[in-house]
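Trainee: Got a predicted model here, sequence first, then my questions.
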Number of protein chains: 2
Amino acid sequence: MLKDYRPEKPEDKAALSEEIDGLRSTLTGLQQTIRDKGIPILVLIEGWSAAGKGSLIKELISEIDPRFYKVFSAPLTPERDMRYPFLYPYATAIPENGQILFMDSGWMEDAVRKSLRRDISGSEYKRRVRQVNEFERQLRDGGYVILKLFLHIDRDEQFRRIMELRSNPDTEWRVTEDDLWQHRDYKRFREAYDDFMEATSSILPWHLLDGSRRKVAVRDALKLLVDLTKRALDNGRYCGEPFDENFPLLKMPLLRDVDLSPTIEDEDYKKKLRKLQNRLDELHNVIYRRKIPVILCYEGWDAAGKGGNIRRVAYPLDPRGFDVIPISAPEKHELHRHFLWRFWTRLPRSGHICIFDRTWYGRVMVERLEGFCSEKDWKRAYNEINEFERLLTDWGAVVLKFWIHIDKETQLARFTDRQNTPEKAWKITDEDWRNREKWDLYEEAVDEMLQKTSTENAPWIIIESNDKKYARIRTLEIIIQALEKAIEERGARDLL
Amino acid sequence: MLKDYRPEKPEDKAALSEEIDGLRSTLTGLQQTIRDKGIPILVLIEGWSAAGKGSLIKELISEIDPRFYKVFSAPLTPERDMRYPFLYPYATAIPENGQILFMDSGWMEDAVRKSLRRDISGSEYKRRVRQVNEFERQLRDGGYVILKLFLHIDRDEQFRRIMELRSNPDTEWRVTEDDLWQHRDYKRFREAYDDFMEATSSILPWHLLDGSRRKVAVRDALKLLVDLTKRALDNGRYCGEPFDENFPLLKMPLLRDVDLSPTIEDEDYKKKLRKLQNRLDELHNVIYRRKIPVILCYEGWDAAGKGGNIRRVAYPLDPRGFDVIPISAPEKHELHRHFLWRFWTRLPRSGHICIFDRTWYGRVMVERLEGFCSEKDWKRAYNEINEFERLLTDWGAVVLKFWIHIDKETQLARFTDRQNTPEKAWKITDEDWRNREKWDLYEEAVDEMLQKTSTENAPWIIIESNDKKYARIRTLEIIIQALEKAIEERGARDLL
């Protein structure tokens, strides 16, 4: 890649300008079709400090209507990493359908710089490379068009640029310590960039641009963007094929084999509840201080008792340190992005607890059964979700997924009770009854989900909830056990 | 207030518990009606360190379904203020219709602590008090129910609480340097809290809670919340009356008196454009470095040339330092909040330039004419907008508002051209033609808007755009002039 790069010979300036104008107006002509067909486009622009990434973006956007594009740049701070997963700033910034996002440095600079600075270990770096490949594939499979550019200049050219910036008091401040460090260590950076590009080009290719000749770089970038866009518009929105990555899965029972008879005596319940809640309160302090993120996922049958269960778990927690996120049908701006986006944006900060009342598993349940996504989409989702959850636990999160389980008769009794009790009537809707009619289809989907997504790092736990009180105690016990284990394993090691 | 506070005599514990249970189930019973009637409720809980704000919130939410409430707490950091206006974290966190938000410390602690720490000057403190009053009134007038609580403990009780926290290794870290400082300076804090409460109780009252008796505090808070909610549900959503605050207004001409004849020669245009763009590029560096936020607002007739004008302004800017925000009809989650919310959330960080392609003035134009809000709403908006913009310029922002003006014939010519040119056809919709039919009504609304909201700090500038090139040059000149003036006035003083 960079080490073999030879710039091409100079070109006719006037011809170049003409070519650029032509490409620009082609792109302008395409913008409405991009919007109409709902194709999201992400242009990642990486490259050397002072190579002119900003100017390049400026040239790329100059003729595009502001309604069609956004520019994103996130400062690289070491703290950010601690509070959120590595890909968080990028995953939350992805464009919506029909939009072009220009990303001024992204996951490559982030991973490479932190690795060279030894902010992260070698194995963490490798994990990040894997996460990047998974992330790019997921976006591509979800219909995103992604163009990855690297703006290249050699060391002498970088020196000239730095000197130029420093010679003007208004631009002097732009040359940071980090830039000078990169210049000094040019060779090490080059190797690191090469490594990264090699490790991340099997799914989506990298394109080198000649940063020492601005117009050539603009022309080449525009040409790549126009070609890629045209291809996407011709072929229609891409939808990736499902495939298995062979995650090590935990063996789960089928729902119909679950014994729902366990109950608890009222006295026993009260005593245990208090004791467990006190313990959870203590542990919350510890995980807050130790910055361990906790993600609790609730799924289950309608009227299984999710709400009451969540309230018993939430009660002992300090309200400043947790959030309950009720998930219902996505809104328009959520539908217009990758299906995991609305969960990325709701991730807890490290040390916080996030309780999802319904989750990303809607993809393989309601969206599957109601036809809200294609068959390929939901079949691909098992793997995508496993990757997403591995990313979360690699980050350091405790991830527990509860299937709150009841049988069909219990549901009927609770539905009827809700209908007959005025204060509870709002909890029951026609949709609940309609879903109930599809019980068998749902059961099939849930069984498949439990089989395909229960991993050691993010296990499914079936909670027997015919007796709601029993269910609450079980859930609390499991959460406490998991937190104690996480705290112990963490030892003296803090996050990262 | 605090200095006169005498706790009431002890109460019967069992009776208290019963009362609390009763209030809790009343509240639970109301939650669905709150949702159905779309009433947003904000409960602000201020108070002494270690007074038990967290525990109080815990008790208040314990029986509420997680779908109906959220808890918000923002860490107080000095940097935050520099990057955004003082009220930014709170204004962006307001609840949506039908939701209860519990705010764990908010604008009071923020203002008081920073004032005592001398992070802000006395006059800045006074400005913030005024901003708080305006903010609270705007929310109330927009139908928000606001409950302001102060959890009070005396100095001895605070000492006991601090000792208790420090005696447990799991809670020791909760006692911060700031808490100890508050305890040492208890008297100064008490005076400051008293001052703040006095200065901010004319619009919405403060309620003191006895933090030394947890159950009493819970009961009183629940009672206040239930009473306030019931009253709101009985009376329906409140809608404030319009009133004038007598902002010093600039005299604006009527649109029909604007001379639209100015034009520019092509040669002259090219030369000036290049020169002005180069100058803007230089200035962008300076404002970025000096952390001056810039907010450019574009309004104007359909086909007046806003888009092209914005592109010429944006072209020389570093894409990392500006955003173009196209504003169209609000989405559901935006409609469910105060009308200024979606602009609050899009404010630029200091040093950044934000170009709004249409703005909050939609309230007094399209929303007024299409009946998307009530007459009181849009009549009140002139004052609310003036307050909002004063807040922005008080923060240090340069705010310029451009009305891109053309006459009716020019619009017709451009519409027709768009319709007859395939690449431009997407720009013209049936709605544009419908709006055109209402030209006279819009002209009346725009004239009223220009008269009522052109302030010295945030002036309206009418840009003659029958000749688009002339308009671009004028806009650039005015922006450059304003930035130069801001940089000069700022002198050596940095933001804040």
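Mentor: Nice, I can see it.
Trainee: which secondary structure element contains A:Ser201?
Mentor: For A:Ser201, there is no helix or strand it lies in under DSSP states H and E.
Trainee: what about it, distance to chain B?
Mentor: To chain B, A:Ser201 is 26 Å away according to Cβ to the nearest Cβ, to the nearest Å. The C-beta positions use only the backbone N, C-alpha and C, and glycine is treated the same way.
Trainee: Could you do A:Asn309 as well?
Mentor: As judged by Cβ to the nearest Cβ, A:Asn309 and chain B stand 11 Å apart.
Trainee: Pretty sure that residue sits against A:Thr475.
Mentor: Yes: if you go by Cβ atoms under 8 Å, A:Asn309 and A:Thr475 touch, sitting 5.6 Å apart.
Trainee: Can you show me the strands along chain A?
Mentor: A:41-47, A:69-72, A:100-104, A:145-152, A:206-210, A:294-300, A:322-326, A:353-357, A:398-405, A:460-464 (DSSP state E).
Trainee: Can you redo those as a markdown table, where the extra columns are mean neighbour count and mean pLDDT?
Mentor: Shown next, in a markdown table, are these (neighbours: other Cβ atoms under 10 Å in any protein chain shown; pLDDT from 0 to 100):
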| stretch | mean neighbour count | mean pLDDT |
| --- | --- | --- |
| strand A:41-47 | 24 | 97 |
| strand A:69-72 | 22 | 93 |
| strand A:100-104 | 24 | 96 |
| strand A:145-152 | 22 | 98 |
| strand A:206-210 | 20 | 96 |
| strand A:294-300 | 24 | 98 |
| strand A:322-326 | 20 | 93 |
| strand A:353-357 | 23 | 97 |
| strand A:398-405 | 22 | 98 |
| strand A:460-464 | 20 | 98 |
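Trainee: Can I get these in JSON lines including distance to B:Leu483?
Mentor: Output for the strands of chain A, formatted as JSON lines (distance: least, Cβ to Cβ, whole Å):
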{"stretch": "strand A:41-47", "distance to B:Leu483": "27"}
{"stretch": "strand A:69-72", "distance to B:Leu483": "20"}
{"stretch": "strand A:100-104", "distance to B:Leu483": "23"}
{"stretch": "strand A:145-152", "distance to B:Leu483": "29"}
{"stretch": "strand A:206-210", "distance to B:Leu483": "32"}
{"stretch": "strand A:294-300", "distance to B:Leu483": "46"}
{"stretch": "strand A:322-326", "distance to B:Leu483": "41"}
{"stretch": "strand A:353-357", "distance to B:Leu483": "43"}
{"stretch": "strand A:398-405", "distance to B:Leu483": "49"}
{"stretch": "strand A:460-464", "distance to B:Leu483": "58"}
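Trainee: Now do the closest residue to chain B within the stretch 101-250 of chain A: how many residues are near it, please.
Mentor: Residue of the stretch 101-250 of chain A nearest chain B, by Cβ to the nearest Cβ: A:Asp170 (4.2 Å). Neighbour count for A:Asp170, taken as other Cβ atoms under 10 Å in any protein chain shown: 15.
Trainee: gap between it and B:Arg289?
Mentor: Counting by Cβ to Cβ, to the nearest Å, the separation of A:Asp170 from B:Arg289 is 8 Å.
Trainee: Leaving out chain neighbours, which residue sits closest to whatever residue of the stretch 251-400 of chain A ends up closest to chain B?
Mentor: Nearest residue of the stretch 251-400 of chain A to chain B (Cβ to the nearest Cβ) works out as A:Val324 at 3.5 Å. With sequence-adjacent residues excluded and distances taken as Cβ to Cβ, 6 or more residues apart in numbering or on different chains, A:Val324 is closest to B:Pro66, at 3.5 Å.
Trainee: how many neighbours does the one you found have?
Mentor: Counted with other Cβ under 10 Å, residues neighbouring B:Pro66 total 19.
Trainee: Tell me the confidence at it?
Mentor: pLDDT for B:Pro66: 84.
Trainee: got the contact list for it?
Mentor: Residues counted as contacts of B:Pro66 (Cβ atoms under 8 Å, 6 or more residues apart in numbering or on different chains) are A:307, A:310-311, A:314, A:324, A:326, A:355, A:357.
Trainee: Would you tell me which one of those residues comes nearest to B:Arg214?
Mentor: A:Ala314 (18.6 Å; Cβ to Cβ).
Trainee: Tell me the residues of the stretch 301-450 of chain A that contact chain B?
Mentor: Within the stretch 301-450 of chain A, the residues that sit near chain B (Cβ under 8 Å from any Cβ of the partner chain) are A:307, A:310-311, A:314-320, A:323-324, A:326, A:331-333, A:355, A:357, A:423, A:426.
Trainee: how does it look with 7 Å?
Mentor: Within reach of chain B by Cβ under 7 Å from any Cβ of the partner chain, the stretch 301-450 of chain A has these residues: A:307, A:310-311, A:315, A:318-320, A:324, A:326, A:331-333, A:357, A:423, A:426.
Trainee: picking up where we left off before, and which of the contacts of B:Pro66 is nearest B:Trp301?
Mentor: Using Cβ to Cβ, the contacts of B:Pro66 come closest to B:Trp301 at A:Pro326, 43.2 Å.
Trainee: Please report how far the closest one lies from B:Arg83.
Mentor: Separation of A:Pro326 from B:Arg83 (Cβ to Cβ): 31 Å.
Trainee: Leaving out sequence neighbours, find the closest residue to A:Arg190.
Mentor: Leaving aside its chain neighbours, A:Arg190 sits nearest to A:Leu2 (5.1 Å; criterion: Cβ to Cβ, 6+ apart).
Trainee: Give me the pLDDT value at the one you found.
Mentor: Note for A:Leu2: predicted pLDDT of 84.
Trainee: Compute the number of surrounding residues for it.
Mentor: Neighbours of A:Leu2 (other Cβ under 10 Å): 17.
Trainee: Same check on A:Ile61?
Mentor: A:Ile61 has 23 neighbouring residues, counting by other Cβ under 10 Å.
Trainee: I'd say it and B:Arg320 touch.
Mentor: No: using Cβ atoms under 7 Å, A:Ile61 is not in contact with B:Arg320; the gap is 11.9 Å.
Trainee: quick one: which of the strands of chain A is nearest B:Phe343?
Mentor: Comparing these by their distance to B:Phe343 (Cβ to Cβ), the top pick is strand A:69-72, with 17.0 Å.
Trainee: Please list the outside residues in contact with that closest one.
Mentor: Applying Cβ atoms under 7 Å, 6 or more residues apart in numbering or on different chains, the contact partners of strand A:69-72 are A:57, A:61, A:93, A:95, A:99-104, B:319-320.
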